[in-house]
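S.K.: below: sequence and its predicted model.
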Amino acid sequence: MKPPLTALEAHETERLLADIYYLNIAELRGFCNAHGIPYTIRMENADGRFTRSKDADRKGIVIDRIVHFLKTGVIKPATTFRRQVVGGKELGRTPRESDPVRYGEYKNHDATPLKLMKQLTDGRFEFGAIAQEVLRACWSQNQAPTYREFARLWEKAAADHSKPNPEWAFLTDLAQGSAGRDWKKLRSQKASAVLSLLGKITAERSSRNE
């Protein structure tokens, strides 16, 4: 099967891959739905069954899946958290630094783990994308770090994070000095162009399958 990008001219491919970061999550999911690309995280229950969780992949993961599909025609499997890293609804007590951080027990913006993480990082820890990326990377590799280990991983990730992730289009443009007052209009124009190219790919694949 030919990679979907073969439906485009070289300059169209270049534009799509450069500007796909301007799509919002709803626009990205629309393409995923049309092509069977997963974006909902799956979790393994205690009985070994896999079900959809209430969470979805962050934008960068979704874009990576789409780009991989466009370049290869292959769909990457869904992010899956095995039962070893899936906890109950709540820990039920104040967490200790030696406790594993499990999906379902750790709550973003919960004051209790925040206090512990602040203590372990000399007050530097913050809830946000970096913390989420660190934990989800661990969980997807079937690892549940302790709070102590999570603190060290977060500190390293935060120190290495010198510029916005590519999928944070506005922050990227802001850092580069190109996010003017008309940025929303710019995003809309770039997104419209990318969606048109993705639509061309979808139409071409549909015609081949008829």
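M.R.: Looks like it came in fine. Residues are numbered from 1 along each chain as shown.

S.K.: what's the helix or strand of the chain with the lowest mean pLDDT packed up against?
M.R.: Ranked by mean pLDDT, DSSP states H and E, the weakest helix or strand in the chain is helix 169-175, scoring a mean of 87. The elements that helix 169-175 packs onto, with contact taken as 3 or more Cβ pairs under 8 Å, 6 or more residues apart in numbering; DSSP states H and E, are helix 183-209. Yep, even glycine has a C-beta here, placed from its N, CA and C like the rest.

S.K.: can you list contacts of stretch 160-172?
M.R.: 21-22, 58-60, 63, 129-130, 174-175, 179, 183, 187 (Cβ atoms under 8 Å, 6 or more residues apart in numbering).

S.K.: so which of those residues comes closest to Arg83?
M.R.: Arg58 (22.3 Å; Cβ to Cβ).

S.K.: show me where this protein has its helices.
M.R.: Ranges of helices in the chain, per DSSP state H, are 10-19, 25-35, 59-72, 111-120, 129-140, 147-160, 169-175, 183-209.

S.K.: in a markdown table: these, plus distance to Val85.
M.R.: Below are these laid out as a markdown table (distance: least, Cβ to Cβ, whole Å):
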| stretch | distance to Val85 |
| --- | --- |
| helix 10-19 | 33 |
| helix 25-35 | 24 |
| helix 59-72 | 17 |
| helix 111-120 | 16 |
| helix 129-140 | 5 |
| helix 147-160 | 12 |
| helix 169-175 | 30 |
| helix 183-209 | 34 |
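
S.K.: looking at the ones you listed, which is closest to Tyr103?
M.R.: helix 129-140 (5.3 Å).

S.K.: from Ala10, how far off is the residue nearest the centre of the chain?
M.R.: The chain has Arg58 as the residue nearest its centroid, 2.2 Å off, counting by Cα atoms, centre = their mean. To Ala10, Arg58 is 30 Å away according to Cβ to Cβ, to the nearest Å.

S.K.: can you pull the buried residues of the lengthiest strand in the chain?
M.R.: Secondary structure of the chain per DSSP state E: the longest strand is strand 50-56. Buried positions in strand 50-56, judged by neighbour count with 16 or more other Cβ atoms under 10 Å: Ser53, Ala56.

S.K.: kindly report the same for stretch 31-40.
M.R.: Phe31, Cys32, His35, Ile37, Pro38, Tyr39.

S.K.: roughly how far is it from the heart of the chain?
M.R.: 14 Å (Cα atoms, centre = their mean, to the nearest Å).

S.K.: how about stretch 147-165?
M.R.: 16 Å.
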